[in-house]
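**Student:** model this:
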Amino acid sequence: MRTIFTFVLLLSSFSVMAEFKHLRVLMHSDPSHKAMVVYTLDKKKYAKGSELVYSINQKMDEKDVKINKITKYSVKSLKRGGKYLLKFDLNNLKENSTVYFKISTPNKTSKLYHFKTAPKDKNAPLALLFGGDSRSDSAQRRVMNKKMKELVVQNPEIIALVFGGDMIENGMKWSQWEKWLEDYQVTITDDNRILPFVPVRGNHETDRKLFNQLFFMDEAGFEDVYYVSYFSDLAIINLNTNISHLGKQRKWLESTLKDLSSKGYWMVPNYHRPAYPAVKSPGKAKKHWVPLFEKYGVDFVFESDGHALKRTAPIFNGEINHQKGIVYLGEGGLGVRQRNPDRGNKWYFQSPGYTYSMHHAFLLRKKNGSIKVSVEVPDSNKSFDQMTFEKRNN
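**Tutor:** Numbering: from 1, shown residues only. Alright, predicted model coming up:
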């Protein structure tokens, strides 16, 4: 009898741990004030009676804490897999704050989780993680997710992971998305801090509708998946290399760069297919976007897709220029098997540029008017590389 009781108790405990499947926090354009808490449901009926309670900068059991309750949620039927997504919108959050939250249904309550919102003050310390290409190799992907978890613990000012596309091998298969979402749980710290996610679409996210559903791009008004994420005076310009680089997207890009440069923002484009690749031939960004980057003086660029680590020399007008040049960083090392880059035939890998076959993530830290970017690799407590960017006069 005792054995049966113990088994039931363990089963109940597991159910409480696993009830809010694939729990994640998404951020789009306003990470200072808005976030979405999302999880996966096997059946729509399980959504009934769900609510989220949250507090700002104080845990819910502290004295005189103000607790906010959200009973309104949306449930979306996924195009593939027969699953549902439940989403809570957290709006009007306080910038540069820690948000503590719990989710509950009539039958269960989650642990107390937390995440950070971005500062608005341009002088406040700020950090972000960047990377792409986590597809194909779940085991290595989990290694990199563990590395990012360690970086969040070591750098509490980290707000989010800004992704560069290609999360999975085949964007048509829910089974691969489900595994990716399970693996992303590894980034949650031991004290239940969640690493929010800023999505960009890659060429392996082939099912556009499913991608937009999973990351609520359609509800945010970013169906074509190009938009700006504002982290104080740092503007991350997320672009989509899966659609035309001309037309609406290029017109939007020029208008956006013109506006941001006139207001003195740091400008950092982030997209999938590279203009200055380590492995493949140049993407269309080189012809259609790079002239705009140079015209309006972007500060540096993140690219993915190549399955290698790279840092280019500063490039301007098709040649190395240490005064005006733009550095292109990348290009996809969050789990996918790494390729052997073609460093010998590419002039833009002259010093201080380089390229290697190496899994990696980039850590961006903004402080005291400059931005430091380091290359972080698994199984090492030391950065592989560090570089400092001073604000351009746009």
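**Student:** list the contacts of the nearest residue to L234 once chain neighbours are set aside.
**Tutor:** Sequence neighbours aside, W266 is the residue nearest to L234 in space, at 4.4 Å (criterion: CB to CB, 6 or more residues apart in numbering). Bear in mind the C-beta positions are built from the backbone N, C-alpha and C, glycine included. Contact analysis of W266 by CB atoms under 8 Å, 6 or more residues apart in numbering lists 233-235, 299, 366, 371, 391.
**Student:** at 10 Å what do you get?
**Tutor:** W266 is in contact with 122, 231-236, 260, 298-300, 364, 366, 370-371, 389, 391-392, 394, counting by CB atoms under 10 Å, 6 or more residues apart in numbering.
**Student:** from those, which land in strands?
**Tutor:** Taking DSSP state E, the ones among the contacts of W266 that sit in strands are 231, 234-236, 300, 364, 366, 370-371, 389.
**Student:** same list, those, but as CSV with distance to V225 please.
**Tutor:** Output for the ones in strands among the contacts of W266, formatted as CSV (distance: CB to CB, whole Å):
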residue, distance to V225
F231, 19
L234, 20
A235, 17
I236, 13
F300, 21
L364, 21
K366, 25
S370, 30
I371, 25
F389, 26
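**Student:** and which of those residues is nearest to E205?
**Tutor:** E205 lies nearest to I236 out of those, by CB to CB, at 18.4 Å.
**Student:** neighbours of the closest one, how many?
**Tutor:** Residues lying near I236 (other CB atoms under 10 Å) number 24.
**Student:** so it sits against Y227, correct?
**Tutor:** Yes - under the criterion of CB atoms under 10 Å, I236 makes contact with Y227 at 9.3 Å.
**Student:** overlap in contacts, those two.
**Tutor:** Taking CB under 10 Å, 6+ apart as the contact rule, I236 and Y227 both touch 29, 198, 200.
**Student:** the last one contacts Y271, doesn't it?
**Tutor:** Yes - the criterion here is CB under 10 Å, and V200 meets it with Y271 at 6.5 Å.
**Student:** what do those two both touch?
**Tutor:** 132, 164-165, 225-226, 238-242, 302, 304.
**Student:** what comes up buried for stretch 105-124?
**Tutor:** 105, 110, 112-120 (16 or more other CB atoms under 10 Å).
**Student:** averaged pLDDT, it. What do you get?
**Tutor:** Stretch 105-124 comes out with an average pLDDT of 94.
**Student:** then stretch 351-370?
**Tutor:** Across stretch 351-370, pLDDT averages out at 95.
**Student:** in it, what counts as buried?
**Tutor:** Residues of stretch 351-370 classed as buried: 353-356, 359-366 (neighbour count, 16+ other CB under 10 Å).
**Student:** tell me how far the residue nearest to L234 lies from K116.
**Tutor:** Using CB to CB, to the nearest Å, W266 is found at 19 Å from K116.
**Student:** do the same with A285
**Tutor:** Between A285 and K116 the distance is 31 Å, computed by CB to CB.
**Student:** now swap in A35 and tell me
**Tutor:** Noted for A35: a distance of 10 Å to K116, by CB to CB.
**Student:** overlap in contacts, those two.
**Tutor:** What both A35 and K116 touch, as defined by CB under 10 Å, 6+ apart, is the set 25, 99, 160, 194, 196.
**Student:** got a list of what G171 touches?
**Tutor:** By CB under 10 Å, 6+ apart, the contact list for G171 reads 80, 135, 177, 201-208, 210-211, 214.
**Student:** in PyMOL, select just the buried ones from these.
**Tutor:** PyMOL command restricting these to the buried ones, with burial defined by 16+ other CB under 10 Å:
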select buried, resi 80+135+177+201+202+204+205+206+207+208+210+211+214
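**Student:** of the contacts of G171, closest to M60?
**Tutor:** Within the contacts of G171, proximity to M60 (CB to CB) peaks at L214, which comes in at 29.2 Å.
**Student:** who's in contact with the residue nearest to that closest one when sequence neighbours are not counted?
**Tutor:** Nearest residue to L214, sequence neighbours excluded (CB to CB, 6+ apart): W177, at 6.6 Å. W177 sits next to 22, 40, 78, 80-81, 83, 167-168, 170-171, 205, 207, 210-211, 214 when contact means CB under 10 Å, 6+ apart.
**Student:** repeat that for I168.
**Tutor:** Listed by CB under 10 Å, 6+ apart, the contact set of I168 reads 134-136, 138, 141, 174-181, 202, 204-206, 211.
**Student:** now name the helix or strand holding it.
**Tutor:** I168 belongs to no helix or strand when assigned by DSSP states H and E.
**Student:** now it, nearest residue through space, not along the chain?
**Tutor:** Once flanking residues are discounted, I168 sits nearest to Q176: 4.1 Å by CB to CB, 6+ apart.
**Student:** tell me the pLDDT at the one you found?
**Tutor:** Confidence score, pLDDT, at Q176: 94.
**Student:** what is the burial count for it?
**Tutor:** Other residues within reach of Q176 by the criterion other CB under 10 Å amount to 18.
**Student:** roughly how far apart are it and L78?
**Tutor:** The gap separating Q176 from L78 is 13 Å, by CB to CB.
**Student:** and the gap between the residue nearest to L234 and L126?
**Tutor:** Look at W266 and L126: by CB to CB, they are 10 Å apart.
**Student:** list residues touching both of the two?
**Tutor:** By CB under 10 Å, 6+ apart, W266 and L126 have these common neighbours: 231-234, 364, 366, 371.
**Student:** reformat the buried residues of stretch 351-370 as TSV; add distance to G49.
**Tutor:** Converted to TSV, those look like this (distance: CB to CB, whole Å):
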residue	distance to G49
G353	56
Y354	55
T355	53
Y356	52
H359	43
H360	44
A361	39
F362	42
L363	41
L364	41
R365	42
K366	42
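**Student:** quick one, helices of the stretch 1-150 of the chain?
**Tutor:** Assigned by DSSP state H, counting those that start in this stretch, the helices in the stretch 1-150 of the chain fall at 2-18, 138-154.
**Student:** my error: substitute the stretch 151-300 of the chain in the last question.
**Tutor:** Counting by DSSP H, counting those that start in this stretch, the stretch 151-300 of the chain has helices at residues 174-184, 208-214, 247-262, 285-288, 290-296.
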